[in-house]
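Enquirer: here's my sequence, what's the structure:
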Amino acid sequence: MAGFLRKLMPRRFRRDGVTIPAIRLHGAIMAGGSPLRPVLNLATVAPLLEKAFSVKDAPAVAISINSPGGSPVQSRLIYQRIRDLAQEKRKRVLIFVEDVAASGGYMIALGGDEIIADPTSIVGSIGVVSGGFGFPDLLKKIGVERRVYTAGENKVLLDPFQPEKERDIEFLKGLQLEIHDIFIQMVKSRRGSLLADHPDLFSGLFWTGQRGQELGLVDSLGDMRSEVRKRYGEKARLELIQPARSLFGRRQPGAAVAGAIAAPLVASAAAGLVDTLEERALWARFGL
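Expert: This is a model prediction of the structure:
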């Protein structure tokens, strides 16, 4: 009779096995986004993290990562939120790499106490890249005159509707070097003596999960379900933490903003095209 009543209870309240909350962080890392084009950023990820780390009896939180990177700011914010919650709730964080955890995706992975990857996953790409497209002649061709008024000679730095300037490029490279150094220090701080002495480790190259383990970027090889059962018993189960649904049943992406509605039509269309192409380029770099 007791067994029958236990089955009627919600699974989270049963005591027949450990429940490990699991989160899927899949997508490019960008500050923007919309319901039709969801991306990873602190606004979209934070509610999931809060919910997962609030599962009281769970000894750990499992996080699946599949991201080619993107915004270094959002990557670091997500990483920091993971570490803060892990310390506050005293839970172990297990990171599982699926197809790719590269660049900003790997930065987020550093938030784990352990990083477990598939042998064929892609990991690394510890570097900084800034990409975009230039449209200096586009407006002329479609008969649009762009008017920009500034106070400050550098307010139109790297404007995509103007020809590139050498001093703008040098300024950008300086910023990239600073961010790259922060990234390197994060890797060294989290991976420590596990890192191999390899000349290309911080060059932006990327490797398979198997090679990543040899280089110290990954702790072990495996998959989430098998690893959780091996650590917490055959009765251990994963509980997928998902975004809340809206009134119409769609997943809520979080507090991401789709874009400025009042932006001029041409500029808005160009910005959307750039975002889409850049997101596609992030995935394509790793053959995905």
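Enquirer: check which helices and strands the helix or strand containing Arg191 sits against.
Expert: Assigned by DSSP states H and E, Arg191 belongs to helix 166-191. Helices and strands touching helix 166-191, by 3 or more CB pairs under 8 Å, 6 or more residues apart in numbering; DSSP states H and E, are helix 72-89. Just so you know, the C-beta spots here come from the backbone N, C-alpha and C atoms, and that holds for glycine as well.
Enquirer: for the helix it packs on, buried residues please.
Expert: When burial is assessed from 16 or more other CB atoms under 10 Å, helix 72-89 yields the following buried residues: Pro72, Gln74, Ser75, Arg76, Leu77, Ile78, Tyr79, Arg81, Ile82, Arg83, Leu85, Ala86.
Enquirer: outside of it, which residues touch it?
Expert: 25, 29-31, 40-42, 45-46, 49-50, 53-54, 61, 63, 69, 91-93, 103-105, 107-108, 110-113, 128, 179, 182-183, 186 (CB atoms under 8 Å, 6 or more residues apart in numbering).
Enquirer: tell me the contacts of Asp113?
Expert: Neighbours of Asp113 in contact, by CB under 8 Å, 6+ apart: Ala86, Arg92, Val93, Leu94.
Enquirer: so the third one is in contact with Ala60, correct?
Expert: Spelled out, it's Val93. Yes - applying CB atoms under 8 Å as the test, Val93 and Ala60 come out as touching, 6.8 Å apart.
Enquirer: what's the distance between the closest residue to Met107 other than its chain neighbours and Ala236?
Expert: Residue nearest to Met107 in three dimensions, not counting chain neighbours: Ser75, with 4.3 Å by CB to CB, 6 or more residues apart in numbering. Ser75 sits 30 Å away from Ala236, taking CB to CB, to the nearest Å as the criterion.
Enquirer: cool, Ser220 as well?
Expert: From Ser220 across to Ala236, the span is 17 Å (CB to CB).
Enquirer: and these two? which has more neighbours close in?
Expert: Shown here are Ser220 and Ala236; by other CB atoms under 10 Å, Ala236 has more neighbours (18 against 11).
Enquirer: apart from its chain neighbours, what residue comes closest to the more buried one?
Expert: Spatial nearest neighbour of Ala236, chain neighbours left out: Val18 (4.4 Å); criterion: CB to CB, 6+ apart.
Enquirer: so which of the contacts of Asp113 are in strands?
Expert: The members of those that map onto strands under DSSP state E are Arg92, Val93, Leu94.
Enquirer: most neighbours among the residues you listed, which one?
Expert: Neighbour-wise, these (other CB under 10 Å) top out at Leu94, 23 neighbours.
Enquirer: now that residue: how far from Arg167?
Expert: 46 Å.
Enquirer: where in the stretch 51-200 of the chain is pLDDT low?
Expert: For the stretch 51-200 of the chain, residues meeting the criterion pLDDT under 70 lie at 129-140, 143, 145-165, 168-169, 171-172.
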